[in-house]
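Student: sequence? don't have it. structure:
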């Protein structure tokens, strides 16, 4: 169950919230132009290999461990989670078409199509493949969804986008010089905070601005996660890590229905 809770926190990166009050002023940049520049910046990162440390604090789980991430955009994501003393917690390989989820502790492997339905079962939150890529890479890409009441203003050195989608209010803080997302947020319809995500300690290499630290908080659930990346390598354009599943592993197959 711990791996599921950890993955819930990680993949919650695609849902955001913020309640901070800030002094803002109007901006004359359009949403289409800002979205184009953010996407162009994000797409400079074609692949990522990194190690890191992950810490979680919640009523259900308080623990720290290591994480290995390998992403080859736009096709595949591999992540390996290890607990204290190097104990394997889980390996997860997701491609645009299929996933393989191996749990060493009970020697079970689950395979199936990587649609939002099955990924949602594993991660306990509605998510699709592109959302996962955005989350682990720290590079948000705006899709072509239709948003309502889009407003753009300036706050400090960031553009602030405020918009409505369905019954939620979403906010995006974007660096006004290099067009990368520094913070994201979503309010419930009643104004309550859902999740707040902050990207910090950016550095630039080969035109890519990458965050070393990601923090996520869900105040209502009293859940917090801190992810610190290390040893990042960009744009190898191949999946570095591979799943190693013993022949004795119990096989569970989920079909496409």
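Tutor: Sure, I can see it. All figures in this text were calculated on a predicted structure; none of them were measured in a lab.

Student: which residue sits closest to residue 253, ignoring its sequence neighbours?
Tutor: residue 111 (5.5 Å; C-beta to C-beta, 6 or more residues apart in numbering). For every residue, glycine as well, the C-beta is placed using N, CA and C.

Student: Look at the one you found and say how many residues are nearby.
Tutor: 16 (other C-beta atoms under 10 Å).

Student: Counting by contacts, list what the helix or strand hosting it packs against.
Tutor: Using DSSP states H and E, residue 111 sits in strand 108-113. With contacts defined as 3 or more C-beta pairs under 8 Å, 6 or more residues apart in numbering; DSSP states H and E, strand 108-113 has these neighbours: strand 98-103, strand 250-253.

Student: Now the longest helix seen in the chain: buried residues?
Tutor: The single longest helix within the chain, with elements called by DSSP state H, is helix 31-42. Along helix 31-42, these residues count as buried under the neighbour rule (16 or more other C-beta atoms under 10 Å): 34-35, 37-38, 41-42.

Student: So for the next helix or strand after that helix, mean pLDDT?
Tutor: Following helix 31-42 in sequence order, the next helix or strand is strand 47-57 (DSSP H and E). The pLDDT scores in strand 47-57 average 88.

Student: Tell me the helix or strand right after strand 47-57.
Tutor: strand 62-72.

Student: For stretch 236-248, measure first residue to last.
Tutor: Criterion C-alpha to C-alpha, to the nearest Å; first-to-last residue distance in stretch 236-248 is 33 Å.

Student: And for that stretch, what's in contact with it?
Tutor: Stretch 236-248 is contacted by residues 46-47, 49, 68, 70-72, 76, 78, 80, 91, 93, 100, 102, 107, 109 when judged by C-beta atoms under 8 Å, 6 or more residues apart in numbering.

Student: before we move on, the earlier item: run the angle between the helix or strand that the strand holding residue 111 is followed by and strand 108-113 for me.
Tutor: Counting by DSSP H and E, the next helix or strand C-terminal to strand 108-113 is helix 116-123. If you take axes from the mean of the first three to the mean of the last three C-alpha atoms, to 10 degrees, helix 116-123 sits at 160 degrees to strand 108-113.

Student: Quick one: mean pLDDT for helix 116-123?
Tutor: The average pLDDT for helix 116-123 rounds to 77.

Student: continuing past it, what's the next helix or strand?
Tutor: Later in the chain than helix 116-123, the nearest helix or strand by DSSP H and E is helix 129-137.

Student: What lies in contact with that following helix?
Tutor: Contacts to helix 129-137, defined as C-beta under 8 Å, 6+ apart, come from residues 10-11, 13-14, 42, 45, 48, 69, 71, 73-74, 77, 79, 94-96, 114, 119, 140-141, 143.

Student: Can you name the next helix or strand after it?
Tutor: That would be, after helix 129-137 and using DSSP H and E, strand 148-155.

Student: May I see the buried residues of that following strand?
Tutor: Neighbour-count burial for strand 148-155 [16+ other C-beta under 10 Å]: 150, 152, 154.

Student: Just to check, the second one is in contact with residue 31?
Tutor: Yes: counting by C-beta atoms under 8 Å, residue 152 touches residue 31, with 6.2 Å between them.

Student: Now for those two: what residues contact both?
Tutor: Looking at what touches both residue 152 and residue 31 (by C-beta under 8 Å, 6+ apart), the common residues are residue 161.

Student: if we can go back for a sec, between the buried residues of strand 148-155, which is nearest residue 249?
Tutor: Of all the buried residues of strand 148-155, residue 249 sits closest to residue 150, with 48.3 Å by C-beta to C-beta.

Student: show me the contacts for the closest one.
Tutor: Residues near residue 150 by C-beta under 8 Å, 6+ apart: 31, 161-163.

Student: could you redo the last one with a cut-off of 10 Å?
Tutor: For residue 150, the contact set (C-beta atoms under 10 Å, 6 or more residues apart in numbering) comprises 30-32, 34-35, 161-165, 170.

Student: Likewise for residue 147?
Tutor: Residues near residue 147 by C-beta under 10 Å, 6+ apart: 31, 35, 161-166, 170.
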